[in-house]
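[1] okay, sequence plus prediction incoming.
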There are 2 protein chains.
Amino acid sequence: MKDIANGVCAPQGFSAAGVHCGIRKNKSKRDLALIVSDRRAAAAGVYTRNKVKGAPIAVTKEHIADGYARAIVCNSGNANTCNADGVQKARAMCELVMRDTGIDASDVIVASTGVIGQVLPIEPIDAAMPSLAAALSRDGSADAAEAIMTTDTVRKEFACEFELGGKTCRIGAIAKGSGMIHPNMATLLCFVTSDAAISPEMLSKALKAAIDDTLNMVSIDGDSSTNDMALVIANGAAGNAEITEDGEDMRVFCEALKYILTKISRAIAKDGEGATRLIECKVSGAADTASAKAIAKSVVCSSLLKAAMFAADANWGRILCAIGYADARLDIDKVDVSLCSRAGKVDVCKDGNGIEFSEDEAKKVLSQDEVTIDVTCGDGTASAVAWGCDLTYDYVKINADYRT
Amino acid sequence: MKDIANGVCAPQGFSAAGVHCGIRKNKSKRDLALIVSDRRAAAAGVYTRNKVKGAPIAVTKEHIADGYARAIVCNSGNANTCNADGVQKARAMCELVMRDTGIDASDVIVASTGVIGQVLPIEPIDAAMPSLAAALSRDGSADAAEAIMTTDTVRKEFACEFELGGKTCRIGAIAKGSGMIHPNMATLLCFVTSDAAISPEMLSKALKAAIDDTLNMVSIDGDSSTNDMALVIANGAAGNAEITEDGEDMRVFCEALKYILTKISRAIAKDGEGATRLIECKVSGAADTASAKAIAKSVVCSSLLKAAMFAADANWGRILCAIGYADARLDIDKVDVSLCSRAGKVDVCKDGNGIEFSEDEAKKVLSQDEVTIDVTCGDGTASAVAWGCDLTYDYVKINADYRT
C-alpha cells in the first residue's frame, strides 16, 4: 500500500472543486463541494442509524438504489434536517448539478452538514453552481475537502495506490468531523473514490466490512449525527478485471479501503472538537470481537478519562472504570493496562490492580499528541482498536458558541 | 408529604457525625462519616453494575445479607477500589466502628468514594474513629453529608414526614455526586434512614421501585462509578405496624421514598461537576415506559445539548438528534418540543420540524438555573423524567485537575 497525493482526485477519471457559495457567512470559508467521475461509477453507502435523518440521506439512497452514481455534491453550514421542505431542497441541489454538468440528477449523491433545523437557502447554491462546475479539476480535492469542513481545523484527505491483477489502482477519500461523532453509525461525512472496477454488490460489501473496524470505532462526544454518511464510488478507469466475487482481488481492495478509512478515522479523532491529542485504545486478549470493541469504545468514550487525558494525567482508575461498565465478557481481575506513545511505555495496572509507576514518566508519555492505551485481557484472542480524543475547554467553547 | 429538617437524623433513633480524619489533605474538609441507629434496622441496598466494584461493596453486601444493619461508615478521598488489600481494609473500617460504638461489625455498612486505585490508608480512620463515635448526635446529619462529598459544592440532605396507620413516620437521606454519574447503575452514594417499621423484603422492593424513577434517571457525564450504592435502613422507631406486604401502608412508604429520592436526584444533577443549571427532560405520549425513559435519558446525556445549555442556546436540533438516536419506539414526525422554566415556555419544534420562535424569549427561559425540556411524543401514553446538567469549562477543569 503506497500513500499518494490528491485525495479524491488521485484515482483516474475524477475531478473535484470547492467554492464559497454563501451558506456560511464567513466568505473565506468554502461551503460547497462537487466531486465528479468522467464515467458512471459503482456506488455504495452507509448511513446514520439516527431516526432523525437529514433529507439528503433519503435522496441519496434513492439515487444510488440502482448501484451507480457519477457525482457527489455537498454543502456545509446547514444540515438540511428537520425542515418540512428538506427533500425538495436536496432534489433541487441534484438538479442544479445536472444543469451545469450534464450529469443526470438521479446519478448525483447529495449531502449536507451543519446546523439542524434551519431552512436551507437554495439561492446561493443555484448562483454558485456554474462556477463550481467550471472549477472542476484534477487538483480540486483539497478545495472540496475544505468545503465540507464544519468545526474541523484541518482537511482530511488521503489516497493510496495498490495493484489488482497487474493494474495500478487507487483509492482516495475526503472526510469531515469533528463533533457529533460516535461509534455504530456511519458517523460523519466521508466520500471515497476509486478507479478500481468492482460491482456495486461487492463495493457495498467492502464498505460495510471496512467501516466496522474504522469509522464505527471513532467517538468524539457520544452524539451520533443525523446526517452521517460514508459513500464510495468506483469507476473502473484503472482497467482491472471487475471484482464480482470474493477472492484475492476483493481481499486486496478491502485491505486498501480499510487502510484509507483507518487514516480518515485517526485524523477525525485527532481533530475532534477542541482536541489536543488523539487517544487510541488497543484491546487484545478479549473473549470475542464484540467484547474487544465494546471495551475499546467504552474507554475512548469516557468523559472522565478524556478530561484526564487533557491534563496528561495517568488516572488509570478511570480506564478500569470504563472497562468495567463496557457491555463485554470480561474477567476484570485479568486486565493489564499500559500507556504508550512515541515517548515510551508505562505499565499502570496488572491483573486489575494498580502497580507502582513513575508519574513523571507517565506524564511524558501522555503529553504527546498521539497516545495509545493498551488493554490486555486474559479472556481469549480477540482484539480491536478505537479512536477518540481528549475533552478540553475548547470542546465546550465550540459547542456553546456553535449556533449563535 | 411534609418536608422537615435534619436529613438522616430526622427519623427517630438515628444519630450521625462527620469529621476530618486525614484521608484528604485539606484539613477543613470532613472526610469520614458515621450514621448509627439505636436499634437494629431492616436494610436494603442497590449497587453499581460496573464490573469493577469497590471493595466496600463486597463487604456491605455480606453484612446486609441477613436483611439488617445498624450503622453506616463512609470515607471520601479514596475509593478503595482496584487495590489488592481492599476487602481487608473495608472489613477493618467496620471493626473500628465496632471497637468504638459496640455495634457488631457484621451490622456495619461500609462505603468509600474518591480516587480509584490508590491504597486506602487505614491509620487516619483508626485514629479518628473514637472522636467520630463520640461526636454522634441527633444534629450530625449535616456533618455526615459534608464528609461524604467529593467534588460536590453543596450538601445533599433531605427529609420528609408522613403517616402510616396513624403513626408519624419519617424518611431522611444524604447523598453525594457529582461526577461519574449515569443512569442504570445505583449511581453515586446515597444513604437513607427511616423510622418506619418495614420488613427487609418490602424495604428492598420499595428501594428498587423508587430508584428506577429517580437515581437511575440522573446522568452527569455518562460514566458509571465503581463504588455506587444506595442504602436504606429502617429501624421501626415510629411504632407503626410493620409493613410486610403490599397494601396502603406500602404504597405510602414507597411514595415517601420516591419523594425523597427525587429531591436527591434533582440536587445531584443540579450540582453536577461544573454545572450552572439543572436540565430536566420530561417525556410524555411515548409508546411505552422503556421508550419514554430512553428518550429522556438520551436528551440529558447529549454532550452537544449540554454544551448548548451552558450557553442558554435554544439549539433544539440537538434535542431532536438525541431523541433520534435513543433506543426507543418512536415516530419522529410526531414529536413536539418545548423549552420551559420559571421564566416561561417556548415551543421550538412541532411534528418533528422546526417552528418560528423568539430567540430572545428562548434565551430568557434557558438562562434560569432549572430548565425543563418537554418532549411530547404521539405514540402512546407512557411518560418519564430524567435529570442532568449543562457541560461547562469547569467540568473539564475539575476532571483534568482531580487527581493531581
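    Sure, I can see it.

[2] so who does the closest residue to chain B within the stretch 101-250 of chain A touch?
    Among the residues of the stretch 101-250 of chain A, A:I116 lies closest to chain B, at 2.6 Å counting by C-beta to the nearest C-beta. C-betas here are computed from N, CA, C, even on glycine. Each residue near A:I116 by C-beta atoms under 8 Å, 6 or more residues apart in numbering or on different chains is listed here: A:V52, A:A79, A:T81, A:C82, A:T226, B:N315, B:G317, B:R318, B:L320, B:C321.

[3] give me the neighbour count for the last one.
    Meaning B:C321. For B:C321, the number of neighbouring residues by other C-beta atoms under 10 Å in any protein chain shown comes to 30.

[4] over to A:D313?
    A:D313 is flanked by 21 other residues according to other C-beta under 10 Å.

[5] I'd like to know if stretch A:324-337 reaches chain B anywhere along the stretch.
    Yes. Using C-beta under 8 Å from any C-beta of the partner chain, stretch A:324-337 reaches chain B at A:G324, A:Y325, A:L330, A:I332.

[6] nearest to A:H63, out of these: which one, please.
    For A:H63, the nearest member of the residues of stretch A:324-337 next to chain B is A:Y325. The distance, counting by C-beta to C-beta, is 41.3 Å.

[7] surely the closest one meets A:V299?
    No. A:Y325 is not in contact with A:V299 according to C-beta atoms under 8 Å; the separation is 10.4 Å.

[8] helices along chain A, start to end?
    If you assign secondary structure with DSSP state H, the helices in chain A sit at A:55-63, A:86-101, A:123-135, A:141-147, A:200-213, A:248-270, A:289-301, A:303-310, A:316-324, A:359-366, A:393-401.

[9] mind putting those in a markdown table, distance to B:D288 included?
    Formatted as a markdown table, the entries for the helices of chain A read as follows, by distance: least, C-beta to C-beta, whole Å:
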| stretch | distance to B:D288 |
| --- | --- |
| helix A:55-63 | 27 |
| helix A:86-101 | 29 |
| helix A:123-135 | 42 |
| helix A:141-147 | 44 |
| helix A:200-213 | 31 |
| helix A:248-270 | 36 |
| helix A:289-301 | 26 |
| helix A:303-310 | 29 |
| helix A:316-324 | 30 |
| helix A:359-366 | 45 |
| helix A:393-401 | 32 |
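
[10] okay, those helices in JSON lines with mean pLDDT next?
    What follows is the helices of chain A, written out as JSON lines (pLDDT from 0 to 100):
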{"stretch": "helix A:55-63", "mean pLDDT": "95"}
{"stretch": "helix A:86-101", "mean pLDDT": "97"}
{"stretch": "helix A:123-135", "mean pLDDT": "98"}
{"stretch": "helix A:141-147", "mean pLDDT": "98"}
{"stretch": "helix A:200-213", "mean pLDDT": "96"}
{"stretch": "helix A:248-270", "mean pLDDT": "96"}
{"stretch": "helix A:289-301", "mean pLDDT": "94"}
{"stretch": "helix A:303-310", "mean pLDDT": "90"}
{"stretch": "helix A:316-324", "mean pLDDT": "90"}
{"stretch": "helix A:359-366", "mean pLDDT": "96"}
{"stretch": "helix A:393-401", "mean pLDDT": "81"}
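
[11] how about those, which one is nearest B:A386?
    Taking C-beta to C-beta, helix A:303-310 is the member of the helices of chain A nearest to B:A386, at 17.0 Å.

[12] starting at the chain centroid, how far to that closest one?
    A distance of 22 Å separates the centroid of the chain from that of helix A:303-310, by C-alpha atoms, centre = their mean, to the nearest Å.

[13] and that helix, what other elements does it pack with?
    When contacts are defined as 3 or more C-beta pairs under 8 Å, 6 or more residues apart in numbering or on different chains; DSSP states H and E, helix A:303-310 packs onto strand A:278-286, helix A:316-324, helix B:393-401.

[14] and the angle for that helix with helix A:289-301?
    For helix A:303-310 against helix A:289-301, the angle between stretch directions is 60 degrees (axes from the mean of the first three to the mean of the last three C-alpha atoms, to 10 degrees).

[15] may I have helix A:303-310 as PDB, with CA atoms only?
    Only the C-alpha atoms of helix A:303-310 are listed here, as PDB (Å, rounded to 0.1, in the frame of the first residue of the first chain):
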ATOM      1  CA  SER A 303     -15.700  11.800  29.600                       C
ATOM      2  CA  LEU A 304     -13.800  11.500  32.800                       C
ATOM      3  CA  LEU A 305     -10.900   9.700  31.100                       C
ATOM      4  CA  LYS A 306     -10.900  12.200  28.300                       C
ATOM      5  CA  ALA A 307     -10.700  15.100  30.700                       C
ATOM      6  CA  ALA A 308      -7.800  13.300  32.500                       C
ATOM      7  CA  MET A 309      -6.000  12.900  29.100                       C
ATOM      8  CA  PHE A 310      -6.300  16.600  28.500                       C
END
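
[16] measure how it sits relative to strand A:278-286, angle-wise.
    Using the same axes, to 10 degrees: helix A:303-310 against strand A:278-286 is 120 degrees.

[17] what residue ranges in the stretch 1-150 of chain A are flagged as low confidence?
    Scanning the stretch 1-150 of chain A for pLDDT under 70 picks out no residues.
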